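*Asks:* Whatever this is, show me its structure:
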Amino acid sequence: MNYEFVVIQKEIKELKNNKMVSSAKTFICVKDRDTGIIYPHPLTNFIKGESVDLSHAPTTQKSYAEEVKKFLNYILECIDDEDELFLPLEDEGLKGLGLIHGAKYLTYLKYRVDLNEIKPNTVFTAERLLTKFYVYLIDQNIINEKINIIYDPRKIKGKTIYIPRSPFRGFDLSVEFPARESREKIKERRLHDFGDGKLNLVNTFLRVAELEAPEIALGIAFQFYGGLRRGEVINLMRSSIKKPKENGSGEFNLDIKDNWKILFPNKISTLSEQVKKPRLQAVFKTDIVLEFLENHEERLKRLEKTKKIKNKFAYFVSNQGNPISGKEYWKRFTKVRDRFLEVVLEQSTDDYEILTSKPWSTHMGRGIYTNMLTFLLGWSPEEVAIARGDSFVDSAKSYTEAMNVRKKTVEATELIAKAPLVSDRKNNITVEDLRGIK
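*Replies:* Numbers count the residues shown, from 1 in each chain. The predicted structure is shown next:
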């Protein structure tokens with residue numbers, strides 16, 4: 001095949017209620033490999049029906065489209081490989097699509113799990129979205145095969161919603177599925193913080209950022225001491241910063257909301273520049289944060305004097321004066337992280353081993369912020385969730401519970417090690433006895 005399916009996200013202007021409104025739209029397209037020309041495909045209507053009309057976020061729309069793209073490109077590869085099961089689709093198109101083709105795709109994904117190329121949860125995500133895709137094809141009378149979809153009722157926010165059951169679980173399809181991973185196990189693949197009370201590492205990271213990427217050093221400080229996501233940092237404008245008074249008194253707040261239309265008006269895809277939870281976010285007024293704030297604003301003044309600023313609203317700009325995108329922020333953060341790890345290795349091999357035991361990136365800031373709230377201040381999961389700007393308490397609760405267990409396990413190990421010292425003097429040992437030993 002000399003073409004492939006691609007996903008494009010672009011800002012589209014529409015007339016709604018006699019007003020011109022701009023919004024990000026996701027398209028499933030066909031790309032001619034020879035010419036590079038991209039054509040919109042009618043299957044984009046699946047994304048509109050499943051995502052836009054249900055008010056899903058642009059990231060969700062894109063995830064739907066990406067799963068469909070992968071499946072369709074898998075079909076094209078099978079046709080190129082002259083797989084007898086898929087060859088009829090070259091002439092019949094989607095009309096000839098059957099459950100067996102989706103089953104083969106899921107089996108292929110399971111094979112990739114066995115090779116450690118993808119994670120088990122990838123298969124279940126593909127199954128869920130593939131089910132939605134087949135339901136759409138059936139409802140639109142696009143495929144010829146007669147498929148009976150069973151719907152299961154579920155209560156969501158007091159309403160009964162009917163969810164389509166996967167049609168790929170039939171014995172005749174012989175699909176093998178990997179063992180499911182728990183949410184906790186999935187989250188545990190990544191490192192979430194530097195460790196309890198490791199503020200020295202937090203400030204070391206910031207000092208490295210000051211040298212390696214001063215243009216985003218304050219943004220990283222906002223992440224560590226305010227719990228901001230990367231997209232929330234990128235969306236900050238000059239008017240978003242509610243600074244404390246000159247003597248340091250008063251609140252330090254950030255007005256977090258989607259400003260990407262102002263900051264990145266010409267960007268086709270803005271997934272890395274979108275805000276998940278608009279809110280007024282308080283930031284800890286530590287000395288290093290206030291120092292970085294002053295340095296950052298001095299830098300902006302210098303760029304203004306040389307007339308380099310390309311967007312007068314932008315708060316985080318490159319040395320050339322352009323607003324820093326989500327991708328560019330990630331690149332700079334990664335540069336800081338790599339240099340930081342070199343510094344840590346020189347100071348403590350134990351810390352280095354912990355910090356390189358699992359992958360981590362910009363989201364680390366939220367974990368560090370949560371750690372501060374939970375263990376330094378003793379906040380409850382509900383309070384932490386509000387402070388972090390979480391939509392659901394469970395997001396913070398699962399993290400704090402895991403952190404509590406880890407902390408208690410470390411303490412228990414230390415206390416049990418002290419038990420022999422007390423057992424020689426006392427028969428009934430209490431936790432207080434063990435904690436009293438210095």
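*Asks:* contacts and neighbour counts: CA atoms only from here.
*Replies:* Will do.
*Asks:* tell me which helix or strand of this structure sits lowest on mean pLDDT?
*Replies:* Least confident helix or strand of the chain, by mean pLDDT, DSSP states H and E, is helix 393-423 with a mean of 49.
*Asks:* All the helices of the stretch 1-150 of the chain, residue numbers only.
*Replies:* 44-47, 58-80, 89-92, 99-114, 120-139 (DSSP state H, counting those that start in this stretch).
*Asks:* would CSV of the ones you listed with distance to residue 247, mean pLDDT and mean neighbour count be doable?
*Replies:* Listed next are the helices of the stretch 1-150 of the chain as CSV, based on distance: least, C-alpha to C-alpha, whole Å; pLDDT from 0 to 100; neighbours: other C-alpha atoms under 10 Å:
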stretch, distance to residue 247, mean pLDDT, mean neighbour count
helix 44-47, 53, 86, 19
helix 58-80, 42, 88, 19
helix 89-92, 72, 91, 13
helix 99-114, 57, 91, 19
helix 120-139, 51, 92, 19
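*Asks:* Redo those as JSON lines? Include distance to residue 11.
*Replies:* Formatted as JSON lines, the helices of the stretch 1-150 of the chain follow (distance: least, C-alpha to C-alpha, whole Å):
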{"stretch": "helix 44-47", "distance to residue 11": "15"}
{"stretch": "helix 58-80", "distance to residue 11": "11"}
{"stretch": "helix 89-92", "distance to residue 11": "33"}
{"stretch": "helix 99-114", "distance to residue 11": "32"}
{"stretch": "helix 120-139", "distance to residue 11": "24"}
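*Asks:* Compare the ones you listed and give me the one nearest residue 317.
*Replies:* Set against residue 317 and scored by C-alpha to C-alpha, the helices of the stretch 1-150 of the chain come closest in helix 58-80, at 24.5 Å.
*Asks:* circling back to that earlier point, of the helices of the stretch 1-150 of the chain, which is nearest residue 205?
*Replies:* The nearest among the helices of the stretch 1-150 of the chain, by C-alpha to C-alpha, is helix 58-80 at 29.7 Å.
*Asks:* I'd like to know which elements that closest one is packed against.
*Replies:* Judged by 3 or more C-alpha pairs under 8 Å, 6 or more residues apart in numbering; DSSP states H and E, helix 58-80 is in contact with strand 3-16, strand 19-32, helix 44-47, helix 99-114, helix 120-139.
*Asks:* could you dump those to CSV with distance to residue 289?
*Replies:* Listed next are the helices and strands packed on helix 58-80 as CSV, based on distance: least, C-alpha to C-alpha, whole Å:
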stretch, distance to residue 289
strand 3-16, 35
strand 19-32, 34
helix 44-47, 43
helix 99-114, 44
helix 120-139, 39
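*Asks:* between those, which one is nearest to residue 259?
*Replies:* Closest to residue 259 of these, according to C-alpha to C-alpha: strand 19-32, at 12.5 Å.
*Asks:* Run through who's touching the closest one.
*Replies:* Residues outside strand 19-32 that contact it (C-alpha atoms under 8 Å, 6 or more residues apart in numbering): 2-15, 37-44, 47, 58, 61-62, 65, 69, 269.
*Asks:* contacting residues for the residue nearest to the spatial centre of the chain?
*Replies:* Among the residues of the chain, the one closest to the centroid is residue 363, at 7.8 Å (C-alpha atoms, centre = their mean). Listed by C-alpha under 8 Å, 6+ apart, the contact partners of residue 363 are 192, 229, 230.
*Asks:* Equivalent analysis for residue 254, please.
*Replies:* Counting by C-alpha under 8 Å, 6+ apart, residue 254 makes contact with 236, 240, 241, 242, 280, 281, 282, 283.
*Asks:* Quick check: closest non-adjacent residue to the fourth one.
*Replies:* Nearest-residue entry for residue 242: residue 253, 5.0 Å, with adjacent residues in sequence omitted and distances by C-alpha to C-alpha, 6 or more residues apart in numbering.
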